[in-house]
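> Here is a sequence together with a model predicted from it:
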Amino acid sequence: ADRDNYPGYVSNGPSIMIQGPTIKRIQVSLSVRLSGNAKDIIGGIKNAVAAAINGSKVGVSIPISDIINAASQVGGVEAVSVVAPDFSAVNDRIILKGSEKGMVINIDQDISVIQSA
């Protein structure tokens, strides 16, 4: 907007390339204990988990505890455990490289919710 200080000129010959982040598809499988209408609750869990993953920053690894927390906040969820990816004291994050952005591409294929008894 400031044409006096930033005239927008580029020297002859160079190419200006603007590239977005590399999308890394994130797939998650959760086992949940529910109290209520499973169909509605599972849809809410998928939406909450997708929002947590898609809201992450570029190049910042996603703590799996953030995914568990997002699923736990949905009404009717009593307990959540992670089936995949591998979750332990050592494997507690989904690792992203500097230019990667974690994304749920297809909510039904990328987020699996299994109801436990």
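Received it, and whenever you're ready, just let me know what you need.

> Tally up the residues packed near residue 82, please.
19 (other Cβ atoms under 10 Å). To be clear about C-beta, it is placed using only N, CA and C from the backbone, and glycine gets the same treatment.

> do the same with residue 110
18.

> quick one: the helices in this structure?
38-54, 64-72, 107-110 (DSSP state H).

> Take those and write them to CSV, including mean pLDDT and distance to residue 94.
Converted to CSV, the helices of the chain look like this (pLDDT from 0 to 100; distance: least, Cβ to Cβ, whole Å):
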stretch, mean pLDDT, distance to residue 94
helix 38-54, 92, 8
helix 64-72, 94, 7
helix 107-110, 94, 12
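
> could those helices go into JSON lines alongside distance to residue 80?
Below are those laid out as JSON lines (distance: least, Cβ to Cβ, whole Å):
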{"stretch": "helix 38-54", "distance to residue 80": "8"}
{"stretch": "helix 64-72", "distance to residue 80": "5"}
{"stretch": "helix 107-110", "distance to residue 80": "17"}
